[in-house]
Each structure stands twice: as C-alpha cells, then as structure tokens.
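In: Starting from these lines, generate the structure:
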Amino acid sequence: MNRIMILLVVLSLGVSSQQITDSQRLFTIAVSRVQHLHILAQRYFGNFESSLGPDEKRQLNKIFLQDFCNSDYIISPIDKHETQRSSVLELLLVSYRLVESWEVPSRSLAALSRDQISGKLTELKTGLQLLIRTNQEAAFVEGGVALGRFEDYDQRPDQNLRRNYELLACFRKDMHKVETYLTVAMCRLSPEANCTL
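Out: Numbers count the residues shown, from 1 in each chain. Okay, the predicted model is just below:
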C-alpha cells in the first residue's frame with residue numbers, strides 16, 4: 001500500500017512539473033513574439049515621426065496628448081504597483097483583449113509596413129488563448145474568469161496623417177503594455193526569472 005502511495009505522489013509531481021514546463025515554454029514564446037511586435041511598433045513610429053516636419057510633429061504631439069487610444073476602454077492596471085498586484089490570469093486576459101482589439105486596425109498597419117502584423121498578432125492571440133486556458137484550469141477552484149470578446153477599433157480605413165500617427169502611437173503603447181503584463185505573469189511562474197519592473 002505504501003509503495004502505491006509513493007508511486008502516485010511521484011507520478012503527480014511529474015505531471016505538475018511537466019505542466020509548469022509547458023506553461024513556461026508558452027510564456028517564453030509569447031513574450032518573445034510580443035517583444036518583436038513592440039520593436040516593430042517602435043521602429044514604425046520612429047520612422048513615421050522622422051518623416052514629419054517639426055511643425056507637423058509638434059501639432060500631432062499636441063493632438064495625441066488630448067486624444068485617447070481606442071483600446072483605452074479596456075480595463076487594465078494603471079501603474080506598476082497595480083500590475084504587480086494583478087493575478088497571472090488577469091494579466092493574461094488584459095493582454096488577450098489588447099491583442100484582440102488590434103485585429104481590425106492591424107489591416108491599416110499593413111499599408112504602413114512590409115511585415116505581416118496581422119499574422120503575428122493572430123499567432124500571439126492563439127498563444128494567449130492557450131495560456132489563459134491553462135491558467136483558468138489552475139484557477140477553476142477559485143471560480144475562473146470568463147473570457148469575453150471586446151469590440152474592435154473603428155473599422156473605417158482612414159489614411160490621413162493624424163490617423164496614421166495615432167494608429168502607430170497606440171500600437172506602440174499597447175504592445176508595450178502587453179509585453180509588460182506577459183513579462184510580469186511569466187516571472188510569477190518562473191522563480192529564477194528576473195522579475196523587476
């Protein structure tokens with residue numbers, strides 16, 4: 001009887017460590033993909049901004065400070081302390097919603113770049129869905145969290161200077177948020193990772 005109990009304990013430890021390893025691997029891939037998207041967003045925004053004249057740049061900066069990104073309706077942590085207090089599942093859900101909110105606007109980004117932004121966002125969204133499912137199963141005892149669909153950005157393609165500036169600035173801002181949230185979530189699950197913000 002004792003041998004059976006020991007065998008069951010060893011098997012259950014092996015299963016749980018395998019699950020953690022798979023989750024860590026998924027997080028590593030997701031963080032890598034969002035870092036790539038954030039770098040692309042920074043590059044596109046920088047290139048676009050450098051193509052502007054000083055007066056245009058100053059005017060667009062003033063306008064952008066007054067406007068909000070369309071994704072600002074998504075409830076998310078407002079500072080690093082709130083981010084650190086959020087659960088892994090909450091950070092994953094916010095990240096998913098931010099990425100999902102770019103499905104339609106990413107088509108407009110295609111006109112501004114050669115990269116396949118929509119495809120990269122779809123891959124990241126799929127990875128986030130897997131991570132959410134894994135973490136919902138872990139949080140099932142606590143009641144889980146329902147994954148709702150958020151409305152997309154304005155679907156009218158508008159190619160004027162102001163809209164392109166806002167689109168690129170918001171994409172950069174949102175990819176930075178997702179990168180931060182996924183990094184914090186991954187650090188919680190991987191004690192050996194560097195977890196400072």
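In: use CA for all of it now, contacts and neighbours both
Out: Will do.
In: Which residue ranges of the chain form helices?
Out: All helices of the chain, identified by DSSP state H, fall at 2-50, 54-66, 80-85, 88-100, 105-110, 117-139, 161-189.
In: gap between the fifth one and the chain center?
Out: I take that to be helix 105-110. On the basis of CA atoms, centre = their mean, to the nearest Å, helix 105-110 sits 17 Å off its chain's mean C-alpha point.
In: What residues of that helix count as buried?
Out: For helix 105-110, a neighbour-count test (16 or more other CA atoms under 10 Å) marks 105, 106, 108, 109 as buried.
In: For residue 73, which of the helices of the chain is the nearest?
Out: Across the helices of the chain, residue 73 has its closest neighbour in helix 88-100 (10.0 Å, CA to CA).
In: Residues touching that closest one, excluding its own?
Out: 71, 74-76, 83, 121, 124-125, 128-129, 131-132, 135-136, 145, 147, 149-150, 152, 174-175, 177-178, 181-182, 184-186, 188 (CA atoms under 8 Å, 6 or more residues apart in numbering).
In: Alpha carbons of it, as CSV, please.
Out: Taking Å, rounded to 0.1, in the frame of the first residue of the first chain, the C-alpha atoms of helix 88-100 are listed here in CSV:
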residue,chain,number,x,y,z
VAL,A,88,-1.5,35.9,-13.7
LEU,A,89,-4.9,35.2,-15.2
GLU,A,90,-5.9,38.9,-15.0
LEU,A,91,-2.7,39.9,-16.8
LEU,A,92,-3.3,37.3,-19.5
LEU,A,93,-6.9,38.4,-20.0
VAL,A,94,-6.0,42.0,-20.4
SER,A,95,-3.1,41.1,-22.8
TYR,A,96,-5.5,39.0,-24.8
ARG,A,97,-8.1,41.8,-25.0
LEU,A,98,-5.4,44.3,-26.1
VAL,A,99,-4.1,42.0,-28.8
GLU,A,100,-7.6,41.1,-29.9
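In: Over that helix, what's the mean pLDDT, rounded is fine.
Out: Averaging pLDDT along helix 88-100 gives 94.
In: how far out from the middle of the chain is it?
Out: 6 Å.
In: Tell me the confidence at the residue most central in space within the chain?
Out: Nearest to the mean C-alpha position of the chain, counting by CA atoms, centre = their mean, stands residue 178 at 2.8 Å. Confidence at residue 178, expressed as pLDDT, is 95.
In: same deal with the one 3 residues further on?
Out: In this prediction, residue 181 carries a pLDDT score of 94.
In: about what we covered before: dump the buried residues of helix 105-110 to JSON lines, plus pLDDT and distance to residue 90.
Out: Conversion of the buried residues of helix 105-110 to JSON lines gives the following (pLDDT from 0 to 100; distance: CA to CA, whole Å):
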{"residue": "105", "pLDDT": "85", "distance to residue 90": "24"}
{"residue": "106", "pLDDT": "84", "distance to residue 90": "24"}
{"residue": "108", "pLDDT": "79", "distance to residue 90": "29"}
{"residue": "109", "pLDDT": "77", "distance to residue 90": "28"}
